[in-house]
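Peer 1: build me a model from this:
(one chain, ligands or ions: 1)
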Amino acid sequence: MASSLISRQFALSLQKNLWLSAPACRYVSKAAPQTQVEFDYDGPSMKTSVPGPRSQELTKQLGEIQNVGAVHFFCNYEESRGNYLVDVDGNRMLDIYTQISSIPIGYNHPALLKVMANPNNLSTLVNRPALGILPPENFPDKLTESLLSVAPTGMSRVQTMACGSCSNENAFKAMFIWYRNKERGHKAPSDEDLSSCMINQAPGCPDLSILSFMGGFHGRTMGCLATTHSKAIHKLDVPSLDWPIAPFPRLQYPLEEFTRENAQEEARCLEEVEDLIIKWRQKGKPVAGIVIEPIQAEGGDNHASPDFFRSLRNIARKHGCAFHVDEVQTGGGTTGKFWAHEHWGMDDPADIVSFSKKLLTGGFFHKDEFQADKPYRIFNTWMGDPSKNLLLAEVLNVIHRENLLEEVTRSGKALLNGLYELQAQYPGLLSRARGQGTFCAIDICDDATRNDILLKTRDKGVLLGGCGDRSIRFRPALIFKEYHVHIFLNILNDVLAQHK
Ligand code: PSZ
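Peer 2: You can find the predicted model right below:
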C-alpha cells in the first residue's frame, strides 16, 4: 500500500514536471531583455528560518536511518526553478551554492525537462547499460555531440565515469599504466610482474607516486584521498600513501596589485616541486604524475597565475611526469571559459583533464598515449551513464544558444566589483575578495563569524557555501545574471550592516 502510494505520488510529480510546466513560476514577457532567465522566480521568499519545522521533522526521520549531521535542510525540487532552490517549508532561496557547484543551468530548466519528456529518450533513462561492454547504438554519436564538442586542446579521447572521485582514481591509474609501459619499453609484463601484483608487491605493484599540492582536493576514495589535503576530517584514520606534497602558492589579492610578491611565492613553490620530484625518485618512488586544480576550491579558493601553471607543466614534461588537471569543480563554464585551464593560454595544457559536477557525468579526457594498452584495465560496471550524456548535450546547446560564458564573465565582474566595494566598506570583516568569472570567494575575519554570516544570509534567502578555514565561496549556475548579483549584494550588505 505504502509503496504504491509512493509510486503514484512519484508518477504524479513527474507528470507535473513534464507536462504542466511550472505553475508557480513567473514568466517574464517575451519583450524582456535576452538576459532575463525566463523560468526563474523574481526573488527570494522566506516563510520560516532555515531549517524550518518540516525540514526538522524529516531530519529526525532520516536520522533513524543515516547520519544526518551534514544535512542542511530538505528540498522541494519540483518547485525549484532557475536560480532558486525551494525547501520543504516553502522557503525560496537564491542559490549561489548549487549543490556544491554542480547545477549547470539552474533547476528544472525547460530545455532539460523537454529532453526527459521525449519518448525517444525513454529507453536511455530506463535501461542503464554496462557501457564498457554493451554500449547503445547512439553512444559514439552522443559522446561526439556532448563531451567531444568541448574536448580540451590536444585531446580527442574521453572516458566517462560515475563521479569526480571515480574519474580521478581512474585517471591516476591511467597515468601509472602509461608510466610503467614507458619503463618496460612497451613490452609485455613479466611473469614476476603478474605474480607479485597479486600480493601487492613490486615489481607488479610498483612504488610510483603522484605529486599533489597542500590544500588540494581530489576526492575521498583511497587513492584520491592520498592527494587530498584540504581538511583533516577527510583523511583521519584512513591509511595512505607516501606521496610527495608540494606547497600551493599563497597569493595576495587583488592579484594585479601584488604581481612581484606573488611571482616570488610561485617561484618558491615551483622550486619545491622540482626538489620533491628529485627526492622521491631517489627514494625509489618516482613521480608518475602531477595532479592540480586550476583554482583550489575546497581548500579555500586559492588562485595561481597562468605563468605558474605554464612552468609547472614544463617541469612535468622535463621530468617525464604526466600532468593531470582536475577540473571537477572549475570545469563547465563557471570561470568564463569552458575550462579554467583555457585561461593559461597553452597549446599543450595537460595530458589528462578530469571533470564531473556541471558536466553531469564524470570522466576524464586524455591524450591518445594515456589510453590503457588492454581492455578491462580502466573499467567498472557502469562507466558513466548515457542519460547524463543526453542531458549534457542539451546543457551545451543552452550554453551556446544563450552565450552563457559571456554572461558568466559579465555577472562575475559585477559580483567581484560588489565584493571589492563591500570589502572596502567593512575592512575589519572582509578581505581577499578574489575570483574568475562567477567562481569567486571572500575571506571573513574568523571561522565563527563566517558561519554566522552564512546562516544569516540563508535566513534572508541566499544560499552560500564556505570553503577553506574562513572563506565564503560563490558557485552560482551559469544562468546567474547581473540582477541576481544585485539581489545577493543587497542582502549581504544588510547582514553585514547588522554585524557592524
Ligand atoms: O566534502 C566533499 O566530499 C566534497 S565537497 C566538494 C567536493 C567534495 N568536490 C568534489 C571534487 C572536487 O571539487 C575536485 C576538484 N576534485 C574531485 C572531487 C570529487 O568529486 P566527487 O565528490 O564527485 O567524488
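Peer 1: can you give me the helices for the stretch 101-250 of the chain?
Peer 2: 110-117, 122-126, 139-145, 164-183, 191-197, 222-225, 232-235 (DSSP state H, counting those that start in this stretch).
Peer 1: would you turn these into a markdown table with distance to Asn403, mean neighbour count and mean pLDDT?
Peer 2: Where you see a C-beta, it was placed from the backbone N, CA and C, and this is true even at glycine. Formatted as a markdown table, the helices of the stretch 101-250 of the chain follow (distance: least, CB to CB, whole Å; neighbours: other CB atoms under 10 Å; pLDDT from 0 to 100):
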| stretch | distance to Asn403 | mean neighbour count | mean pLDDT |
| --- | --- | --- | --- |
| helix 110-117 | 15 | 16 | 97 |
| helix 122-126 | 28 | 13 | 95 |
| helix 139-145 | 20 | 16 | 94 |
| helix 164-183 | 27 | 22 | 98 |
| helix 191-197 | 51 | 13 | 98 |
| helix 222-225 | 35 | 20 | 98 |
| helix 232-235 | 38 | 10 | 96 |
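Peer 1: got the residues of this structure near the ligand?
Peer 2: Residues of the chain lying close to the ligand (CB under 6 Å from any ligand atom) are 100, 163-165, 168, 217-220, 293, 297-298, 326, 328-329, 356.
Peer 1: change it to 5 Å
Peer 2: Ile100, Cys163, Gly164, Ser165, His218, Gly219, Glu293, Ala297, Asp326, Val328, Gln329, Ser356 (CB under 5 Å from any ligand atom).
Peer 1: before we move on, the earlier item: for the helices of the stretch 101-250 of the chain, which one sits closest to Phe364?
Peer 2: helix 164-183 (4.5 Å; CB to CB).
Peer 1: helices or strands next to that closest one in the packing?
Peer 2: strand 157-161, helix 222-225, strand 287-292, strand 322-326, strand 352-355, strand 362-366 (3 or more CB pairs under 8 Å, 6 or more residues apart in numbering; DSSP states H and E).
Peer 1: highest mean neighbour count out of the ones you listed?
Peer 2: Of the helices and strands packed on helix 164-183, the one with the most neighbours on average (mean count of other CB atoms under 10 Å) is strand 352-355, at a mean of 29.
Peer 1: per-residue confidence averaged over it?
Peer 2: Strand 352-355 shows a mean pLDDT of 98.
Peer 1: kindly report the same for stretch 277-294.
Peer 2: 98.
Peer 1: now it, how far from the centre of its chain.
Peer 2: 25 Å (CA atoms, centre = their mean, to the nearest Å).
Peer 1: try stretch 332-341
Peer 2: 11 Å.
Peer 1: surely Val68 touches Leu62?
Peer 2: Yes: counting by CB atoms under 8 Å, Leu62 is a contact partner of Val68 at 5.2 Å.
Peer 1: please name the nearest non-neighbouring residue to Ser165.
Peer 2: In space, and not counting its chain neighbours, Ser165 is closest to Gly219: 3.0 Å by CB to CB, 6 or more residues apart in numbering.
Peer 1: actually Pro286, not the one I wrote
Peer 2: Leu208 is the one closest to Pro286 (CB to CB, 6+ apart), at 5.9 Å.
Peer 1: for that neighbour, give me phi and psi.
Peer 2: The phi/psi pair for Leu208 (degrees, to the nearest 10) reads phi -100, psi 160.
Peer 1: surely it meets Ala288?
Peer 2: Yes: counting by CB under 8 Å, Leu208 touches Ala288, with 4.4 Å between them.
Peer 1: so what's in contact with the two at the same time?
Peer 2: Phe176, Tyr179 (CB atoms under 8 Å, 6 or more residues apart in numbering).
Peer 1: neighbours around the residue nearest to Thr160 when sequence neighbours are not counted, how many?
Peer 2: In space, and not counting its chain neighbours, Thr160 is closest to Gly384: 2.9 Å by CB to CB, 6+ apart. As a burial measure, Gly384 scores 27 neighbours (other CB atoms under 10 Å).
Peer 1: now Gly384: which helix or strand?
Peer 2: Counting by DSSP states H and E, no helix or strand carries Gly384.
Peer 1: max-length helix in the protein?
Peer 2: helix 259-282 (DSSP state H).
Peer 1: do a quick rundown of the strands in this protein.
Peer 2: 84-86, 92-95, 157-161, 209-213, 245-246, 287-292, 322-326, 352-355, 362-366, 430-436, 439-444, 462-463, 465-467, 471-474 (DSSP state E).
Peer 1: residue of the chain closest to the ligand, please.
Peer 2: Per CB to the nearest ligand atom, Gly164 is where the chain lies closest to the ligand, at 2.1 Å.
Peer 1: for that residue, what are its contacts?
Peer 2: Gly219, Val328, Ser354, Phe355, Ser356, Lys357, Gly362.
Peer 1: report the central residue of this structure.
Peer 2: Gln329 (2.1 Å; CA atoms, centre = their mean).
Peer 1: that residue against Lys357, yeah?
Peer 2: Yes: counting by CB under 8 Å, Gln329 does reach Lys357; the two are 6.1 Å apart.
Peer 1: can you work out which residues contact both of those two?
Peer 2: In contact with both Gln329 and Lys357: Ser101, using CB under 8 Å, 6+ apart.
Peer 1: grab the nearest non-local neighbour of Ile442.
Peer 2: Ala433 (4.6 Å).
Peer 1: okay, now the one you found: neighbour count?
Peer 2: Counted with other CB under 10 Å, Ala433 comes out at 21.
Peer 1: surely Asp447 touches Gly468?
Peer 2: No: between Asp447 and Gly468 there is no contact under CB under 8 Å: 9.7 Å.
Peer 1: compare those two (neighbour count), which wins?
Peer 2: Comparing Asp447 with Gly468 by other CB under 10 Å, the one with more neighbours is Gly468, at 21 against 13.
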